[in-house]
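Asker: Provided below are the primary sequence and the corresponding predicted coordinates.
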Amino acid sequence: MPIDPPFAPSLFPKQAPLKPALLSRNSFEAAAAAQHAFQQHLGKDQTWDTTIERIVKGIVSIRASAVRAFDTEASGDYTATGFVVDKERGIILSNRHVVNPAPITATAVFVNYEEAPLRPIYRDPVHDFGFFQYDPEKIRFLDVEEIELRPDLAKVGLSIKVVGNDSGEKLSILGSTLARLDRGAPRYGDDLYEDFNTFYYQAATGTSGGSSGSPVLNISGQAIALNAGGSKRSASSFYLPLDRVVRALNCLRNGLPITRGTLQTEFVHRSYDELRRLGLSPESEASCRSWNPSSTGLLTVARVLPGGPAHGRLEPGDILIACNDVILDSFVPLFDIIDSNINSSVRLSLYRGTEAFECSVVVGDLHAITPDRFAEVGGAIFHDLSYQQARSYGMPVKDQGVYVALSGMLNWSSLTRNYLLTSFAGRPTPNLDAFLEILKTVPDSARVPSRTKDLGASRETVGVVTVDRHFNQEHLFVRNDKTGVWDRQKLLPATAEPCASASSTEEDVVEEEDDEEEDDDPLTPLRESLIYVNVRLPFSVNGYSSSNAYYGVGTLLSLENDFPIIAVDRAAVPSEVVDVRLTIQHHYVTGRVIAMDRLAYLTFNLADLPKGVKLRTAEFDADARLKIKDEVTVVGLTSSQSFVEKSTTVSQLGDVGTTKCNPPRFRLINVEGISLADSVSCDGGLIAQKHTEKYDDPAGGEAKERGVFKIVALWVNASSQNSSDADIFWKTGMVYSVYIKSVVDSIRRSVAQAHTSPSLSTVDALKAELPKSRTFNVETGVVSLTVATSLGLRASRIKQFTKLSKTLLNTSNVKFVNVLEKFSHADSEVNEANDLVSGDILLEIDGVPVVRLLDLELQLQDLSKDSFQFTILRGGAEKTITIRPLPDMSSGLVAPKIVQWSGAYLHETFSEAIEQVAHNTKLVPLSRGVYVGSVSYGAPALNNIRPAQWIIEIDDVMVDSIDRFLQVVREKQKWSDGQFVRVKLVNRKDVTSVVSVQVNERYWPSRCLIKRPDGLWWQEDL
């Protein structure tokens, strides 16, 4: 049934007539008035030169750091622009994504290079604007200019200038002509901040990073818009109108709260041709146009969030005509009403298709669904879901789970951020308060189940979390808009006391199965000795990134004295400072690092395993020396706990082939790697050879024979980097008898000694008994017979090594061990006059021919020798030199202390860093020292203190060790927040630099991680 345009009288009675909005941005009258005012203000002698000269005194470059990831924003440094809108109160206007919803530190740099600290005083929950405040007394040498806000002067065709910090430049001036006033808000992508429920202006100024927050000026120096973003595919730039900015600024000036209402509904402006297709009748269109002849369309509903005030009342496609009887054709009058009616009902007049209707909606508080606090636990950041993120995925805002802004202790599966934690320790976590209550009951190192899901997804992922209160601090941060900072409250004291394993209760019993067929399989002991290893690196140290996933396959080598010893490659366990999770026969247990060499050695508490779980170690061939074409069997394990077995042959024995990494990190060097003829799809495992052994017949008959597999090598991951500095991984074999047996035997002796000496802990015994590795302080590789011959190798040597190669390696493809590079060393003067150099070919050591790489390792393990006679080929002639081995600094264990200072993680020098130090260094500390392992995003040290360098002075005081650094920091506790500290650094090329770091103990408290005698870690605040 047709209705009278624009509405049926029964729906909109005559006693409540619709009123046009007092101010319509698109009305002809308003445009004419603005043009007249503009012409009056514009003097004949006004020029851009004089305008720019004046207004640059009110434009500032902003240097800021988001100190934590929060909501849509990641942590890190950035530059932007702002401009003074109230010089008496020191108020600066910039973008919301500059003022930032996250905790930040910021500084304004004026045109004369005076600086003033900034504190955020408001950031809009939706629109891209916010305010900083500075102390006007800090600016002593500049007459600061206040830039007037005039949103009413914007018009198509207006000549404009965007003045600000474009692409990091101190001052850039970009000119254009305002082309459009009714553009939709720009789209930046999911999980990123986006504006909505507003028009944007557009012009072709081609602004880029750093220009955010710049004023869009007319020739009179008045701001008619705020620069907010730009297109990557064109020169188009997008500007925020200033209508809502003016309202917010007036509230600040008058000491009033900036109220912001919400219907949790997104509106878009659609032109009349689109509205016709949505059902708007010609009669209704005519009536609407008659109210405002210059109007080009109306607002329509684009999205309604479930659970919001308008859910069930409004639907996408509804055409909005009026609110509280005020006719609407743009956003500003609508949100003037909504912002003034929080917790009150507003009446909306709409069309749905061809039907007109009214509904009442209670306005919600937009600030109430905008998070202003977060918890930092185990390096992870948790807070309530924001309206911004909920809108992006069309999901309810309330009670959907705790938003994870940074994974931290949850990062066992390469999750990074931007997902929801819906359950923790078996209890739901609808919001932050629920999560904090659960956290009170969960001790450190507890393994608890968790459920997570991606934003907008319905499927949940089940996982296990190891609670971290030993590596990271726990705080609750709450935003304080009066002070401009976030107040920090400590949640619980950090502890390193481990709780019982989740699988170690008395009720957990695994029934033993009697499976004779399985027991008769000679590969069964090999399978049962494999253990899957997952590792979480809590922060980046020793050249490894905490954002990567670390995993591999370990082999159970010993159970003597009920002390398990597991060996696993360093690609899985990059550092001693890790949380270790072992999967043993489908059961999780917590592991810990006991030693690190070319491999990492782990242990765990046997009591953590359920009763009935049988552990078995396989037999080892303690004297095996594999040859090319030897038949072997590989037994591997995948991440799904599936075993992989393959019979193959040895195809090659030689250098593993790692290269130097940037930043420096552990790599396998001077190790003979085993290559196989066939690829094996697994995450690691072992290499075994089959032997025949006799055993007595249980029935009393003649002795019988059976096949037995003995481990000859471990099948491990080697890691390095390619030419693009990207990580690469491949498998190689490491001979057990040469590279592993000596370490395992030392650990066994230490454990046995601890058992017989009650006063001696296992950890102390390990320190005393682990083998002291030695090195010739060079990196070796192999060269072909052709190369050696061209370098002057004698015919007799060729004949000798050809014969040895056939006998010892089962190949006629002769290779020679050569020196690739000599390294720096703290004790290098021991062999300074008579040492190996790059290019040397090693022929003999103490009269024993060097046929393969492992020959060097066997010589070094002979601790009865303190010097060695080397016969080498150098310069076309053989030469004999005496070399004294040096202490190997590549033990892999970091110093027992790690310091976090100004967001930088500091530890003592490790050998892989020394490998890349210039030989003639005079400043780099080759032992001890203060090495920068990493710097956190958003920290004061970021972009000042660089990783892979050494701190050698702090405030002109020399520091040569971590202990000395701690002493200086404790002495300098008089440093106040905001004070700058001078830091002198030296890099690997012996080049020094001096930087300044601003102290910030609120967000980056100084602390020291200390390894306890029992091998666990605890924290000490400085």
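Answerer: That came through, no problem. Please read all numbers here as calculations on a predicted model, not as lab measurements.
Asker: CA only for contacts and neighbour counts going forward, please
Answerer: Will do.
Asker: and stretch 110-120, how far from the chain's centre?
Answerer: Offset of stretch 110-120 from its chain centre (CA atoms, centre = their mean, to the nearest Å): 30 Å.
Asker: how about that stretch as PDB, C-alpha atoms only?
Answerer: The C-alpha trace of stretch 110-120 is given here as PDB (Å, rounded to 0.1, in the frame of the first residue of the first chain):
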ATOM      1  CA  PHE A 110      59.500  22.700  17.300                       C
ATOM      2  CA  VAL A 111      60.800  24.500  14.200                       C
ATOM      3  CA  ASN A 112      63.700  26.000  16.100                       C
ATOM      4  CA  TYR A 113      64.600  22.500  17.500                       C
ATOM      5  CA  GLU A 114      63.400  23.200  21.000                       C
ATOM      6  CA  GLU A 115      61.900  20.000  22.500                       C
ATOM      7  CA  ALA A 116      59.100  19.400  24.900                       C
ATOM      8  CA  PRO A 117      57.900  16.100  26.400                       C
ATOM      9  CA  LEU A 118      54.300  15.300  25.400                       C
ATOM     10  CA  ARG A 119      51.600  13.600  27.300                       C
ATOM     11  CA  PRO A 120      48.500  12.200  25.600                       C
END
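Asker: buried residues in it?
Answerer: Phe110, Val111, Glu115, Ala116, Pro117, Leu118, Arg119, Pro120 (16 or more other CA atoms under 10 Å).
Asker: Please apply the same query to stretch 653-665.
Answerer: The neighbour-count check on stretch 653-665 (16+ other CA under 10 Å) flags Leu653, Gly654, Asp655, Val656, Gly657, Thr658, Lys660, Cys661, Pro663, Pro664, Arg665 as buried.
Asker: just stretch 236-253 next, same as before
Answerer: Quick answer for stretch 236-253 (16+ other CA under 10 Å): 236-246, 248-249, 252.
Asker: Also stretch 1006-1020?
Answerer: Here stretch 1006-1020 shows Ser1006, Arg1007, Cys1008, Leu1009, Ile1010, Lys1011, Gly1015, Leu1016, Trp1017, Trp1018, Gln1019 as buried, counting by 16+ other CA under 10 Å.
Asker: just stretch 299-317 next, same as before
Answerer: Applying 16+ other CA under 10 Å to stretch 299-317 flags 299-306, 308-311, 314-315, 317 as buried.
Asker: and it, how far apart are its ends?
Answerer: Using CA to CA, to the nearest Å, the end-to-end distance of stretch 299-317 comes to 10 Å.
Asker: Please work out the average pLDDT along the host helix or strand of Tyr532.
Answerer: Using DSSP states H and E, Tyr532 maps to strand 530-536. Mean per-residue pLDDT for strand 530-536: 94.
Asker: and stretch 970-989, how far from the chain's centre?
Answerer: So, by CA atoms, centre = their mean, the centroid of stretch 970-989 is 25 Å from its chain's centroid.
Asker: Looking at strand pairing, list the partners for Ser784.
Answerer: Bridge pairing for Ser784 (DSSP bridges) gives the partners Lys815.
Asker: Confidence-wise, which helix or strand of the chain is lowest on average?
Answerer: Every helix and strand in the chain was compared by mean pLDDT, DSSP states H and E; the lowest is strand 19-20, with a mean of 42.
Asker: Counting by contacts, list what the longest helix along the chain packs against.
Answerer: The longest helix of the chain (DSSP state H) is helix 741-756. Contacts defined by 3 or more CA pairs under 8 Å, 6 or more residues apart in numbering; DSSP states H and E place helix 741-756 against helix 762-769.
Asker: Now do the helix it packs on, average pLDDT.
Answerer: For helix 762-769, the mean confidence score works out to 60.
Asker: do stretch 940-948 as well
Answerer: 90.
Asker: And for stretch 878-896?
Answerer: For stretch 878-896, the per-residue pLDDT averages 75.
Asker: hmm, back to that, now, the buried residues of stretch 299-317 that are in strands?
Answerer: Leu299, Thr300, Val301, Ala302, Arg303, Val304 (DSSP state E).
Asker: what sits against the fifth one?
Answerer: Under the criterion of CA atoms under 8 Å, 6 or more residues apart in numbering, the neighbours of Arg303 are Thr265, Glu266, Phe267, Glu315, Pro316, Gly394.
Asker: and the residues you listed, which two are the farthest apart?
Answerer: Greatest spatial distance in the contacts of Arg303: Phe267 and Gly394, 13.8 Å, computed using CA to CA.
Asker: More neighbours: which of those two?
Answerer: Phe267 (23 against 15; other CA atoms under 10 Å).
Asker: and Ser796, what helix or strand is that in?
Answerer: Here Ser796 is assigned to helix 795-804, by DSSP H and E.
Asker: on that earlier part again, packing partners for the strand holding Tyr532?
Answerer: Short answer (3+ CA pairs under 8 Å, 6+ apart): strand 530-536 packs on strand 550-558, strand 579-584, strand 631-637.
Asker: Show me the contact partners of it.
Answerer: Outside strand 530-536, the residues touching it (CA under 8 Å, 6+ apart) are 409, 411-412, 546, 549-556, 568, 572-573, 578-585, 636-637, 639, 641, 685.
Asker: Thanks again, I'm all set now.
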